[in-house]
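>>> 3D, please:
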Amino acid sequence: MYGVKVTDRCPTTHEVLSVRCQFCVYFGVEINPTKLHHRGPKTTTMAWIESFRSDKYAEHHNRQHPTQWTCYQACSSIEKARFFDDITPIANTMLPHINAASTNLKFEIPLPIVDVFIGDMFFHPDDQGGTT
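Sure, this is the predicted structure:
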């Protein structure tokens, strides 16, 4: 209902000990370009330990993930259960590893690497009927 996942349970009673924000895991923090930010974007996932208040979940989602949270709230119970199923976690993409504020990326790739990729891998003479 709140887009959180249980991350730790008591081994004896199976009582929930901590939960984690799935929006942080799968989408990361939404950055509003119109707001002035004094710090860089948050890179950790939000977790709650022993204090499970639904108002805190909603407050976090409204501040950090407003677009995704609105979309999630419009879903039915069945859709909410599958909301994160086909999404790659943000940590497994290139976005958190590069400067997201930069719009121009410049890569310097040595010529021998380009020759191998294009010349030998994509256009190998054996695969083209002997045509190079």
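>>> Give me the buried stretch members for stretch 73-92, please.
Under the neighbour-count criterion of 16 or more other CB atoms under 10 Å, stretch 73-92 has 83-84, 90 buried. No exception for glycine: its C-beta is placed from N, CA and C like everyone else's.
>>> What segments of this structure are helices?
For the chain, the helices defined by DSSP state H occupy 22-26, 54-64, 66-73, 77-81, 111-114.
>>> what about the third one, average pLDDT?
Computed over helix 66-73, the mean pLDDT rounds to 92.
>>> hmm, who's touching that helix?
If you take CB atoms under 8 Å, 6 or more residues apart in numbering as the criterion, helix 66-73 is touched by 3, 23, 27, 30, 61-62, 80, 83.
>>> Was I right to think Leu17 contacts Trp48?
No: in this structure, Leu17 is not within contact of Trp48 by CB atoms under 8 Å, at 10.0 Å.
>>> hmm, back to that, among the contacts of helix 66-73, find the lowest-pLDDT one for me.
Ranked by pLDDT, those bottom out at Glu30, which has 81.
>>> Look up how far Ala81 lies from it.
The gap separating Glu30 from Ala81 is 23 Å, by CB to CB, to the nearest Å.
>>> Fine by me, we can end here.
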